[in-house]
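*Asks:* A predicted structure for the sequence below; I have some questions about it.
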Amino acid sequence: MVVKNGGSNEPTVELKGNTTAEQASQPRYTTEQLTAATEENLKKIEGRKLDANQQQMVSQIKEFMEQSKKAIVDGDPERGHNLASKAQLLSNELVKP
């Protein structure tokens, strides 16, 4: 959509009340789900022989997970969620047949 002269016919959405608290708890819950799925994927490949590239991916996954936990502790749930998402995406690649 292109907005000319700073105007739009779209309605304005106003956030009210506890929206911030609700939004803050939602990414954390999702981050926990992503972390659990990533850990499950890592368990699936535990006994598998991995090539150097796959071993590097496992290291990167673990690094993302540690960074995600630190971001959550440091009060940055959005960054924590993004890092957990990256870890989960990489782990999905490892478990593909």
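*Replies:* Perfect, I can see it now.
*Asks:* Spatially central residue for the protein, please.
*Replies:* When the chain is reduced to its mean C-alpha position, the nearest residue by CA atoms, centre = their mean turns out to be S85, at 2.5 Å.
*Asks:* Could you say which helix or strand holds it?
*Replies:* Here S85, judged by DSSP states H and E, is contained in helix 77-95.
*Asks:* Now that helix: buried residues?
*Replies:* By neighbour count, with 16 or more other CB atoms under 10 Å as the criterion, the buried positions of helix 77-95 are 77, 79-88, 90-91, 94. (C-beta placed from N, C-alpha, C; glycine too.)
*Asks:* follow-up on the earlier one: OK, contacts around the closest residue to the residue nearest to the centre of the chain other than its chain neighbours?
*Replies:* The spatial neighbour of S85 that comes closest, neighbours along the chain excluded (CB to CB, 6 or more residues apart in numbering), is L34 at 5.7 Å. Under the criterion of CB atoms under 8 Å, 6 or more residues apart in numbering, the contact list for L34 reads H81, A84, S85, A87, Q88.
*Asks:* Mind putting the residues you listed into a markdown table with distance to K69 and pLDDT?
*Replies:* Formatted as a markdown table, the contacts of L34 follow (distance: CB to CB, whole Å; pLDDT from 0 to 100):
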| residue | distance to K69 | pLDDT |
| --- | --- | --- |
| H81 | 12 | 94 |
| A84 | 9 | 96 |
| S85 | 14 | 95 |
| A87 | 11 | 97 |
| Q88 | 14 | 96 |
